[in-house]
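Student: Sequence first, then the predicted structure, then my questions.
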Amino acid sequence: PSPAKQRPAHPKKNSKTFTHDSQSSSAGATAKTVQFSGVTEITDDEFLDLSPQEQAIARRLVAKYLPQSSSDTEETPSFADFKFPEATKGMDLSGSDRKQLTEESLPSCDREAIIFRTDEPLSLESSQVDSIPEDFFEITQSDVKILYRDLQSAVQQLEDQPLMTKAMKRAQTEALYDQYERVVIRIQFPEKLTLQGVFRPRELVSALYSFVQEHLENKKISFYLYTTPPKFILKDKKSTLSSNHLAPAVIVYFGSDSHQDHYLSETTRQLLKTRLKAEDIVNTILQPSVPESETKKTEESRSASSRSQVASTSQGSLSSGAHIPKWLRLGKQ
């Protein structure tokens, strides 16, 4: 409002309050009353009777205090969804439409629980080893080119990888594991038994704890689950399995401060099967839902890498009586 139409206060020694009537005909504003300590009310005629120096002081008072008073009457913005940092600690707020994960909103699946001995060997019969042709272990020039191409691609991806926030990395990890409809998690117990279960990648860690608790002899025992190496205790039970890299097939270890001979219940121990049976379940479950084009693209890389891996480990896996390929036989140099 124009100072000429509004009559600011005239300072007085013993004054306590100031009431300013603002009537702007151009803006059609209603009268407003503002109180400030140290000034008092004057009329329009009294303002005109002031000296030029006093009018300048009044104008400065109007310019200083009137904007603050008028802003108090403006409509307060809505902050219904505002939360202080303490209230959002540990929450992923990367997307406004991202829902908070709850155990009820995440569908579970048939756990297909099975238990087997941890130290049970899983090896091929000697007849199966003998049936593998020698040329399977030979790495061809084509295999070397494929392996070299994969290494170049991996290095290029590391160099071109953009800087990402923690939320972006979590989303990328979950998207990577979303190609698996179900994942397999094995829990190894100190009693040399392994409990195997099937989960959804986006189920919470709390679902894994509940699964383990259901198969314990003492349901009220305090325990924790961890991965290694390095040892990482799964404390955040509200996080997803995929965000903790518990996919597509991982081993988790059972830990407890209470020492017992048997942690698993008698009913669970009766489910003891062979390790080969557990491997069959893993092979059935881990069927990535990826397009055929991507599957064909990676078949060559997998075959080449499998050749190199088998060639590097075949000497230790073959028994003394098994047939040894020609390239493995040591000769005089």
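Tutor: Yes, it's here.
Student: ok, and for stretch 207-219, which residues are buried?
Tutor: Within stretch 207-219, the residues that qualify as buried by neighbour count (16 or more other CB atoms under 10 Å) are 207-208, 211-212, 215-216. For the C-beta atoms, the positions are set from N, CA and C on the backbone; glycine is no exception.
Student: What of stretch 270-281?
Tutor: 275, 278, 281.
Student: Helices - which of these land there?
Tutor: Using DSSP state H to define helices, the subset of those located there is 275, 278, 281.
Student: In stretch 44-52, which residues are buried?
Tutor: Across stretch 44-52, burial judged by 16+ other CB under 10 Å covers 47, 50.
Student: Equivalent analysis for stretch 227-246, please.
Tutor: Neighbour-count burial for stretch 227-246, counted by 16+ other CB under 10 Å, picks out 227, 234, 239-244, 246.
Student: Please spell out the segments of the stretch 151-300 of the chain that come in under the pLDDT threshold.
Tutor: Low-confidence regions of the stretch 151-300 of the chain, defined here as pLDDT under 70, cover residues 287-300.
Student: how about a cut-off of 80?
Tutor: 157-164, 166, 169-179, 287-300 (pLDDT under 80).
Student: Can you show me the strands along it?
Tutor: Assigned by DSSP state E, counting those that start in this stretch, the stretch 151-300 of the chain shows strands spanning 183-189, 193-199, 224-227, 232-233, 249-255.
Student: Single out the most deeply packed of the ones you listed.
Tutor: Mean neighbour count (mean count of other CB atoms under 10 Å) peaks for strand 193-199 among the strands of the stretch 151-300 of the chain, with a mean of 23.
Student: what inclination does that strand have with respect to strand 183-189?
Tutor: Following axes from the mean of the first three to the mean of the last three CA atoms, to 10 degrees, one obtains 160 degrees for the angle between strand 193-199 and strand 183-189.
Student: Contacts for strand 193-199, please.
Tutor: Identification of contacts with strand 193-199 by CB atoms under 8 Å, 6 or more residues apart in numbering yields 108-118, 182-189, 207-208, 211-212, 215, 241, 246, 251, 264, 268-269, 272, 278, 281-282, 285.
Student: could you dump it to CSV, C-alpha only?
Tutor: Only the C-alpha atoms of strand 193-199 are listed here, as CSV (Å, rounded to 0.1, in the frame of the first residue of the first chain):
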residue,chain,number,x,y,z
LEU,A,193,22.2,-79.7,9.3
THR,A,194,21.0,-77.3,6.6
LEU,A,195,17.4,-76.1,6.3
GLN,A,196,16.4,-75.0,2.8
GLY,A,197,13.4,-72.9,1.9
VAL,A,198,11.9,-71.0,-1.0
PHE,A,199,11.0,-67.3,-0.9
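Student: re the thing from before, just flag the most distant two among the buried residues of stretch 207-219.
Tutor: Using CB to CB, these reach their maximum pairwise distance at Ala207 and Leu216, which is 15.4 Å.
Student: Right, I'll call it a day here.
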